[in-house]
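A.B. asks: Here is the input, now give the coordinates:
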Amino acid sequence: MSDLFQDDPTPAPASTPDDQAPLAERLRPRALDEVIGQEHLTGPEGAIGRMVAAGKLSSMVLWGPPGTGKTSIARLLAASVGMRYEAVSAVFSGVADLKKAFEAARKMKDASGQRTLLFVDEIHRFNRAQQDGFLPFVESGVVTLVGATTENPSFELNAALLSRAQVLILHRLDAAALARLLEKAEELEGPLPLTAEAREALVASADGDGRFLLNQAETLYAAKITAPLGPGELGQFLQRRVAVYDKDREGHYNLISALHKAVRGSDPQAALYYLARMLVAGEEPLFLARRLVRMAVEDIGMADPAALTQCVAAKETYQFLGSPEGELALAQACIYLATAPKSNAAYKAYKAASRSARETGSLMPPMNIVNAPTKLMKEVGYGAGYTYDHDAEDGFSGDNYWPDEMTPQTFYEPVERGFEREVRKRLDYWQRLREERS
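C.D. replies: Sure thing, here's the model as predicted:
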C-alpha cells in the first residue's frame with residue numbers, strides 16, 4: 001500500500017501517542033465526546049452523534065476552518081462504528097492512488113464484510129474528473145466517503161458528489177473552546193508560564209485555530225521560561241496567526257459583501273472594520289477603491305452625487321501616495337459613503353431602462369430630435385419642428401422625446417432623501433409645465 005495512505009483496521013486514536021510526537025498530536029481526542037468546539041455535530045442531537053448512535057454512517061463533507069477537528073472526527077468516526085479507516089491526501093494523491101484505495105476497500109468488503117471509511121483530506125484540491133471518480137464507489141457502498149475542506153463545497157465540489165454526501169459545517173473554535181484546549185495541554189505538560197492577561201492574548205492570537213494554539217503552547221514549553229510572561233513579552237516571543245484570507249476564495253467575497261452591506265446600512269464603524277480587515281489581510285487597495293466607487297453609484301447615487309467624486313479622488317490619492325498613507329483616503333471615502341444619504345433610484349432606473357431598450361429594439365426617435373446633417377435629410381423631415389429649449393419660456397419646451405410607437409415611461413423615481421429631494425422638486429415642476437403646455 002502506498003505511503004500516502006494510512007490503512008489500519010484499528011484507527012490511530014485508539015493507540016497511545018508517541019511521547020515525542022507534537023503536542024497537538026498527543027492531545028488528539030480518543031473519543032467523539034472529547035472533540036472540543038463541535039458539539040453541534042458530535043453531541044447526541046447532532047448529525048454525527050445520531051449517525052454513530054444508529055451505527056450507520058452516510059458519506060459526508062466536513063467543511064470548516066483549519067484546526068477545528070476535521071481529521072480527528074473522521075478517524076474517530078471509523079472507530080465508533082467498527083469501520084476500516086483509510087486516509088488519502090488530495091495534495092499528494094492522484095487517480096492511481098485512488099484506484100488502489102478503492103480496490104483495497106473492495107477486497108476487504110468481499111473478504112470480511114467490513115466496510116471502509118475513506119477520509120480524503122483537502123478534497124477540494126481534486127479536479128472535477130477526479131471527483132467524478134468517487135461516485136460509483138460511493139453509490140455501490142464500497143467506501144463511505146468523508147471529505148475535509150476549508151473551502152466552500154458549493155464552489156469547489158461537483159454537484160453530483162454533493163448530492164451523495166451531507167455537508168457538515170465545523171465552527172471556528174471560540175475563546176471558551178480554545179481555553180479548554182490549553183487546560184488539556186496543561187494537564188499533560190504542566191502550567192504555562194503566562195499571566196492571566198497573556199493567557200487571554202495567546203487564545204486571541206490563535207484566531208480560532210486549535211492546532212495553531214497548541215503549537216504556540218508547545219513553543220512556550222520548549223523555551224523553559226521560568227518567570228510568567230505578560231502580554232507584551234508574549235507578543236515579542238510569539239507571532240500572531242495570520243488571518244485566513246484567500247484573495248480569490250470565499251473569505252474574500254464574504255468580507256467585501258460585509259463591507260458593502262455595512263456601507264449600505266449606514267454603519268461607518270462596521271464598514272471601517274471590514275475595510276481594515278481586508279487591508280490588513282493583504283487585499284489589493286485598488287480593488288477596494290473600485291468597490292467603493294461601485295457603492296457610490298449603486299447605493300447613494302443622486303442622493304449625494306459628491307460621493308462618486310470622493311471615491312474617485314480617494315483612488316487617485318492612493319495612486320499618488322501609495323501604501324500605507326494612501327489607505328487613509330480609502331478610509332475617508334468609506335466613511336463618507338456610510339454616512340451619506342442612500343438611494344438606489346439611479347441604479348433601478350438604469351436597470352429598468354435597459355429592460356425597455358432590449359424589449360423595444362430599434363424604434364426611431366421622433367423626427368424633430370434626430371440628427372439632420374445633410375440637405376436631403378432636412379428635406380425629408382429630419383429635425384423638423386425641433387424647439388431649442390433655451391429659447392422657450394422658462395428654458396423648457398415640454399416637447400415629446402419618445403419614439404412615436406412608445407408611450408413615455410418613468411424609470412427614475414427620486415427618493416425624499418439628500419440631494420434627490422431637490423431633484424424631485426425639479427421633476428415635479430417640469431411635469432406641471434409639460435401638462436400646462438400640452
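
A.B. asks: Every contact and neighbour count from this point should use C-alpha atoms.
C.D. replies: Fine.

A.B. asks: Which stretches in the stretch 1-150 of the chain count as strands?
C.D. replies: Using DSSP state E, counting those that start in this stretch, the strands of the stretch 1-150 of the chain run over 6-8, 60-63, 84-89, 116-121, 143-149.

A.B. asks: Next, format those as JSON lines and append mean neighbour count, distance to Gln310 and mean pLDDT.
C.D. replies: Formatted as JSON lines, these follow (neighbours: other Cα atoms under 10 Å; distance: least, Cα to Cα, whole Å; pLDDT from 0 to 100):
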{"stretch": "strand 6-8", "mean neighbour count": "16", "distance to Gln310": "58", "mean pLDDT": "43"}
{"stretch": "strand 60-63", "mean neighbour count": "23", "distance to Gln310": "41", "mean pLDDT": "94"}
{"stretch": "strand 84-89", "mean neighbour count": "23", "distance to Gln310": "49", "mean pLDDT": "90"}
{"stretch": "strand 116-121", "mean neighbour count": "26", "distance to Gln310": "47", "mean pLDDT": "92"}
{"stretch": "strand 143-149", "mean neighbour count": "25", "distance to Gln310": "41", "mean pLDDT": "93"}
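
A.B. asks: between those strands, which gets nearest to Glu197?
C.D. replies: Comparison of the strands of the stretch 1-150 of the chain against Glu197 by Cα to Cα identifies strand 60-63 as nearest, at 32.3 Å.

A.B. asks: Only alpha carbons, please: show the closest one as CSV.
C.D. replies: The C-alpha coordinates for strand 60-63 follow below in CSV (Å, rounded to 0.1, in the frame of the first residue of the first chain):
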residue,chain,number,x,y,z
MET,A,60,-20.2,13.5,4.3
VAL,A,61,-18.1,16.5,3.7
LEU,A,62,-16.6,18.2,6.8
TRP,A,63,-16.3,21.9,6.0
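
A.B. asks: Can you give the contact residues for it?
C.D. replies: Here strand 60-63 makes contact (Cα atoms under 8 Å, 6 or more residues apart in numbering) with 70, 145-153, 165-170.

A.B. asks: before we move on, back to that, in a markdown table: the strands of the stretch 1-150 of the chain, plus distance to Phe411.
C.D. replies: Listed next are the strands of the stretch 1-150 of the chain as a markdown table, based on distance: least, Cα to Cα, whole Å:
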| stretch | distance to Phe411 |
| --- | --- |
| strand 6-8 | 64 |
| strand 60-63 | 45 |
| strand 84-89 | 55 |
| strand 116-121 | 52 |
| strand 143-149 | 46 |
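
A.B. asks: Can you report how many residues neighbour Ile36?
C.D. replies: Ile36: 18 surrounding residues under other Cα atoms under 10 Å.

A.B. asks: typo on my end, it should be Glu327
C.D. replies: Neighbour count of Glu327, defined by other Cα under 10 Å: 24.

A.B. asks: so what's it up against?
C.D. replies: 285, 318 are the contacts of Glu327 under Cα under 8 Å, 6+ apart.

A.B. asks: now do the one 3 residues further on
C.D. replies: The contact partners of Leu330, by Cα under 8 Å, 6+ apart, come to 288-289, 311, 314-315, 318.

A.B. asks: name the element it belongs to?
C.D. replies: Using DSSP states H and E, Leu330 sits in helix 327-339.

A.B. asks: Report the buried residues of the very next helix or strand once past that helix.
C.D. replies: Once helix 327-339 ends, the next helix or strand along the chain (criterion: DSSP H and E) is helix 345-360. Buried positions in helix 345-360, judged by neighbour count with 16 or more other Cα atoms under 10 Å: 345-347, 349.
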